[in-house]
Every structure is written in structure tokens, then in C-alpha cells.
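# no sequence on this one, just coordinates:
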């Protein structure tokens, strides 16, 4: 049994290690011994992860469990409303506890309903996907989608605790590991050249399920969020790859959906290309990033006639200011600048580049 | 032209006085000179209040205006979704500003959408009803209804400023003044015997439109909220009259809706009766409160067979803890206790009392 290690984001503990030796049971005993516990899961985690929890923790014997379908399309106002009505049906009050058991969709949605139900219900995240562990379950961002805009609705509210147990990753399909891998690459690119070198050298996806890589990635995110929880400045660097990434994710959402991590990987390629156009980085660095990312992520075809649609989506990005597109751009591997204005033409060029490396790779 | 006076709730200024001599134009010039301004109003305030603002303030010449129907039933997830989609259509971003112009429904709903749109948009309240001025627009509570449960969904988020200009009250029908009057009575009952005596002596509703009464009422609320913004303790006394009041409001909502202030007045009568049952106050005090409130508020008929429905609604109150009904009870005029457990039987007796004073008054 691995020992657990704990990082702190403000007063929120983020524990990494075996859940059975975590502080979860004592937290429940101390703070929620009279509370009703309600668990939010999806059909996958209900099948693969919930039995493990239920067997190991007595306090879950009377818990109610809500199960949603997996997938980004469930981060909707309709599902949100149904879940809020379920909390009401179970007479959940402000002193009760919501526990999310799932990937980013479950923690984004669960955190959001907890933050608005009766003006705030405590919640705990148990992420079961790599993306959830290194990204979605830490940092306090909650959110749902509106129309095809990702996380357009949301709040910033921290869970009472996050428990990261890498054992859950062994239940995941490969594409789910890639989803988290993109965010780990991002953490490395914006903050840690050493981690980038290590991740670049990975040959098998399973090598990612390493407590040290996960811990380093979580640590990077926590340190950034600590400095700027409400994203007035520095925290924006965590959005590297996400400006164009979100636009691509939104665009494909109505065509042939791609995973968030996949979109972020494509976004990082485009934004690294823009950094090259703006002479912030060398062309050789772009080529290096390209080689590493293309090992894991393929590039879907986008007809040039669709570029304006994608560019238009960029104007709805939450980081914009006064009708200008702003994003975060790396200026070397391991460092990132925020509030960088980018121009439509640069975005066209970046999308064009993306399509050219597609053809080159076919 | 009256001078404005400013109270502070944390960093949020609450200005009382003529809007034209307020700090609103300089706040806009300082902080929102590049921002898009979007105004939320209802059909009444659009007709009666918006022209006044538009004439006086140049910065509103390019503002977009959203207009909802008046009434509590519009504090719904459906209207909320439509408004969020409008913000999206107008490409409102995080640096823009929402200005609410209306009563409690508009400020509750506007504050809520601002708090969840792109994880938080700045907003300013300009309350136009007495209820909005002395209660809804200050204190940071936002909310919408779910099914027939009042404010079941919401957040706590403070506006950038609240501007209270009593001139708007002259556009109001009498019943709207009564709506605010109930909350002013409440502030007096829980905190200020002197204000209670003054308000008790009022003979004409218009006497309420007094800057000094409004200011005192706002001051009471601000001082309580300052001490406990997130309602862990003391702030709960502001819910005096609201436990049974909300249940009655919810009950009548599906039958023959009554105003919030009306429901609160009925709730205060019931809860004062419970305080008498629990020997917290003298019977003579109950009679005094009864005489004052019955001068302004009539009591709708509730068949005894409906009492269980109303009692059942009490279990969804946000202030409950562990399946017990909790509320705030006065123990003398000008003082209030919170976290008081009340029993179903006491609630039955209180509703029965309410019906008996009806018959007595017929």
C-alpha cells in the first residue's frame, strides 16, 4: 500500500495515494457524521469504481447515488436541473455532503450544482480519470456548457478535499489516459522543462500512471492557482492551448466530437505556432513540440471554408477583453505569458499549419 | 436635490439618495469605461424607470437592455437560461457590466446570472421597489426558484455597488410598498425597538418613503450581514418570519399567489406565536405585533386539511439541520435568536392561530 502525500490549496487538502489509507474516513467522522451523503457518478464509474468505495467505507452504506450518462454533452442545463431536483427529492440540506466520483464531467457538473444548491453545499472530489486527477478536480472551477460553448456557466468554489488515487486509472481506456496526458504536457510546457523532457520520453501510455508524474503535475497546478485563485492574472497560463482548443472542441462538438485533451493538444500546437509567428519562440521549439504531440494525437480534417466559424468561436472565450482575442502563449518550454493579444490572421495561419502537418503526416 | 449618504458592506458601497448626484457615473468612468453595459429590467421598470436613467446618463446610450415579465414566477431556470443566452448573443465578456433595474425579482435573478456567467460578471443594483431597497439588493444573496421552492438555487455574491434612490418609489402601487414594509417591520422586530415604535405609528403607506426609515432599515441589514456574510450564525436572524413565510408563499404560489412581503408578515405572526408557545415572549407582545401587522396585511383562508402540506414544505427550508425544522424567533421586540428548533405541533398551532385571527377579523 502506497503512503498518501498531501498538498494544500488554501485550506483544501489534495491527497495523492491509496484511498483506503487516506483521511477521507476521518474527515467524514469529524465533519459529516450527521450529514446525508449523496454521490454523483456516471454509468462507468458506477460500474467500475463505486463497488470499490462501497466495500471499503461503512459511511457510504446509506449514501444515495446519482448516476448520469458519461460524456461532455451531459454538462447541460437540463441535466443540471434534473440533478438539482434529485437533491431536493432526497431532502439534501446545506449541512449534507456531495461526493463526486468520476472524471472531469462529473466533477465540473457536481461542483457546479453543489455551489448553487441552497447557495452552497459542501463537496468532495474523488477523480477517477487522469484528466480529473491532474486538472478538473483541483483549482475550484466548476462549470457546465451553454449551447456549444464549453463551461460558459460556472462558479469558482473549492471542494472540501480532493482524493487522488491512481488505482482508478487502471480501469480506464487508452483514450481517457490521452485526455489527461494533454493537460500534463500543458503543465510541463508552461512551467517545468524537466517534466516536459520526462513526458516526451514516454513510450507507453501506462507509464503515465506514475505517482511522481501525477504529483508533479498537481503540484504545478496548485502553485499557480494558489497565487491567483480567481484568475485575475497568472492563473491564465493554465489556459495555454485552451483558447483555440475550446473553439475546436466546440466546433467538433456539433460535427464529430473530440475529447477535451485531444482539443487541448491541437490548441497547444496552434498556439505554439502563433508564438512562433509572434517571434516568442524559435521554429525549432515548435517542431519539437509538434513531434512529441503528434506521437499521441492525430489531427482531424478541417476544411478551410470552416476556419471562419472556428475563429468566430474564439470571440466567446472567457479570457477576452474588449472584443480582442487574448490567450496565453509560451515563450520557451517551461514558461508562459498571459493576456497576449492574437489576431484573426494569426489564427488562420495556425489552423492552416495544423492542416498542413496533417497532410504531411498522412 | 437630496445629498446622498453612503453605507459600506465590506467593499460594496450602498448609496442612498438622488441617483443623479450619486457616484454611479464616476464608478462607470473609473472601472467600466471600455465595458459593454447590459441592463436587466422588467416591463414595469422598463416603462417607468429606464427613461429616467437613459435621459440622465450618457454612458447608457449604447447599453443593451433585457426586459422580463414582472413577477416571482420569472425567477425560473427557463428565464435564467434565456437571459444567459442573451448575454452570449450580445458577446458579453467578463469585463463587462450588468446593471439591474427593478425589484427583488430582477436583482435576485440578475445577481444570479451575473454570478454564474463565465464564472462571474460584475453587477450593480439599482432597486426600484421598497423591498428591493431595504432587502433584496443588499446582502449579496442571489437566487431563483426550483419547482415551487423559493430561492432554492442561488449564490452569495456582492454587487459592485447598490444605488438606492427613493424617488422610484413614487412610481409604485400600494401593494408594492406593503411588500417592502414587511421587511422593514422585520428589521425593527429583530433589532430595533425604536424603529418598531415609529413604524407602528404609521398611518399612511406613503410615510414609509422616508429616507431616514429606509436608511435605518438598510443600516440594520448591513450591520448583520457584515458580521456574518455567509450565514453561519447571526445572519440567520434576518430570516425571522421567513421559515413559515416561505412555506406559505410556496403553498399559495400554486393556488392564488401572495406577495413575498405579505407571506413574510404572515410568517412573522406565526413565528411570533411559536415564540409565545415556547415562552420566549409574553402573550401581550404577540397581541401588539398582531395589531400592528393586521392593520396592513389580511390573512388568506387556509383549510385545516392543507396544514400538513404547508408543514411538509418547511422541511425544505435552507436553514434546517438534520431533518429538524429550525428558525429564528424573537425573544423581545428588538432582539432575535437563531437556530431555534421548532416542532410540527407548534407549527400546526401557529397556523391554527393565524386562521382564528382571520375569523376574528372578518
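Right, received. Where do you want to start? Everything numeric in this text was worked out from a predicted model, so none of it was measured.
# need the contact list for the closest residue to residue A:117 other than its chain neighbours.
Leaving aside its sequence neighbours, residue A:117 sits nearest to residue A:87 (Cβ to Cβ, 6 or more residues apart in numbering or on different chains; 5.3 Å). Every residue, glycine included, has its C-beta placed from N, CA and C. Each residue near residue A:87 by Cβ atoms under 8 Å, 6 or more residues apart in numbering or on different chains is listed here: A:38, A:98, A:113, A:117, A:121.
# quickly find the element holding residue A:87.
Element membership for residue A:87, per DSSP states H and E: helix A:77-89.
# next, the angle helix A:77-89 makes with the helix or strand just after that helix.
Per DSSP H and E, the first helix or strand lying C-terminal to helix A:77-89 is strand A:97-102. For strand A:97-102 against helix A:77-89, the angle by axes from the mean of the first three to the mean of the last three Cα atoms, to 10 degrees is 140 degrees.
# check which helices and strands strand A:97-102 sits against.
strand A:37-42, helix A:43-48, helix A:104-116, strand A:122-127 (3 or more Cβ pairs under 8 Å, 6 or more residues apart in numbering or on different chains; DSSP states H and E).
# follow-up on the earlier one: just the closest of the contacts of residue A:87 to chain B, please.
residue A:117 (6.7 Å; Cβ to the nearest Cβ).
# what bridges to the closest one?
residue B:153 (DSSP bridges).
# how many neighbours does it have?
By the measure other Cβ atoms under 10 Å in any protein chain shown, the count of residues near residue A:117 is 24.
# I figured it hits residue B:153, correct?
Yes. In this structure, residue A:117 is within contact of residue B:153 by Cβ atoms under 8 Å, at 6.7 Å.
# intersection of neighbour lists for these two?
residue A:84.
# so, low pLDDT: which residues of the stretch 1-150 of chain A?
Counting by pLDDT under 70, the stretch 1-150 of chain A shows low-confidence ranges at A:1-3.
# contact residues of it facing chain B?
A:34, A:77, A:81, A:84-85, A:88, A:91, A:93-95, A:115-120, A:141, A:143, A:146-147, A:149 (Cβ under 8 Å from any Cβ of the partner chain).
# turn the buried ones among those into a named PyMOL selection, would you?
Selection command for PyMOL covering only the buried members of the residues of the stretch 1-150 of chain A next to chain B, criterion 16 or more other Cβ atoms under 10 Å in any protein chain shown:
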select buried, chain A and resi 77+81+84+88+93+94+95+115+116+117+118+119+120+141+143+146+149
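# quick one: the most centrally placed residue in chain A and residue A:110, what's the gap?
In chain A, the centroid-proximal residue (Cα atoms, centre = their mean) is residue A:136; its distance is 3.6 Å. Using Cβ to Cβ, to the nearest Å, residue A:136 is found at 10 Å from residue A:110.
# got it, and residue A:88?
16 Å.
# count the residues that sit near residue A:79.
Residue A:79: 17 neighbours (other Cβ under 10 Å).
# you'd agree it is up against residue A:108?
No. In this structure, residue A:79 is not within contact of residue A:108 by Cβ under 8 Å, at 11.4 Å.
# if I look at those two, which residues touch both of them?
Common neighbours of residue A:79 and residue A:108 (Cβ under 8 Å, 6+ apart) are residue A:144.
# quick revisit: ok, which of the helices and strands packed on strand A:97-102 comes nearest residue B:21?
Residue B:21 lies closest, by Cβ to Cβ, to one member of these: helix A:104-116, at 37.2 Å.
# by how many degrees do that closest one and helix B:104-116 diverge?
Going by the same axes, to 10 degrees, helix A:104-116 makes 150 degrees with helix B:104-116.
# which elements pack onto helix A:104-116?
Short answer (3+ Cβ pairs under 8 Å, 6+ apart): helix A:104-116 packs on strand A:37-42, strand A:64-68, helix A:77-89, strand A:97-102, strand A:122-127, strand A:144-146.
# among the ones you listed, which is the most enclosed?
strand A:97-102 (a mean of 27; mean count of other Cβ atoms under 10 Å in any protein chain shown).
# all strands of chain A, in order?
A:5-9, A:12-16, A:37-42, A:64-68, A:97-102, A:122-127, A:144-146, A:149-153, A:161-164, A:325-332, A:335-342 (DSSP state E).
# tell me the helices and strands packed up against the second one.
Contact here means 3+ Cβ pairs under 8 Å, 6+ apart; on that basis strand A:12-16 packs against strand A:5-9, strand A:161-164, helix A:211-227.
# now stretch A:319-334: buried residues?
In stretch A:319-334, counting by 16+ other Cβ under 10 Å, buried: A:319-320, A:325-330, A:333-334.
# typo on my end, stretch A:336-347
Within stretch A:336-347, judged by 16+ other Cβ under 10 Å, the buried ones are A:336-338, A:340, A:342, A:346-347.
# circling back: most tightly surrounded among the helices and strands packed on strand A:12-16?
By mean count of other Cβ under 10 Å, the helices and strands packed on strand A:12-16 have strand A:161-164 as the most buried, with a mean of 26.
# returning to that earlier point: tell me what angle the helix holding residue A:87 forms with strand B:149-153.
Going by the same axes, to 10 degrees, helix A:77-89 makes 120 degrees with strand B:149-153.
# how far off strand A:64-68 does helix A:77-89 point, in degrees?
170 degrees.
# so residue A:115 makes contact with residue A:158?
No. Counting by Cβ under 8 Å, residue A:158 is not a contact partner of residue A:115; they are 9.7 Å apart.
# nearest to residue B:312, out of the helices and strands packed on strand A:97-102?
Closest among those, using Cβ to Cβ: strand A:37-42, at 20.5 Å.
# contacts for the closest one?
Outside strand A:37-42, the residues touching it (Cβ under 8 Å, 6+ apart) are A:28, A:49-50, A:53, A:59-60, A:62-70, A:74, A:83, A:87, A:90, A:92, A:96-103, A:105-106, A:109-110, A:113.
# which neighbours does that strand have in its sheet, and in what orientation?
strand A:64-68 (parallel), strand A:97-102 (parallel).
# okay if I get those strands as TSV plus distance to residue A:240?
Output for these, formatted as TSV (distance: least, Cβ to Cβ, whole Å):
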stretch	distance to residue A:240
strand A:64-68	30
strand A:97-102	25
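# tell me which of those strands lies nearest to residue A:215.
strand A:97-102 (20.9 Å).
# chain center to the closest one, what's the gap?
Distance, stretch centre to chain centre, for strand A:97-102: 16 Å (Cα atoms, centre = their mean, to the nearest Å).
# now do that strand: everything it contacts.
A:28, A:32, A:35-42, A:44-45, A:49-50, A:53, A:63, A:70, A:87, A:92, A:106-107, A:110-111, A:113-114, A:121-129, A:132, A:137, A:160.
# angle of that strand against strand A:122-127?
Going by the same axes, to 10 degrees, strand A:97-102 makes 20 degrees with strand A:122-127.
# and residue A:305, how many neighbours does it have?
Under the criterion other Cβ under 10 Å, the count of neighbours that residue A:305 has is 7.
# quick one: it from chain B, how far?
23 Å (Cβ to the nearest Cβ, to the nearest Å).
# residue contacts, residue A:243?
A:267, A:271, A:314, A:317, A:319, A:325-328, A:342.
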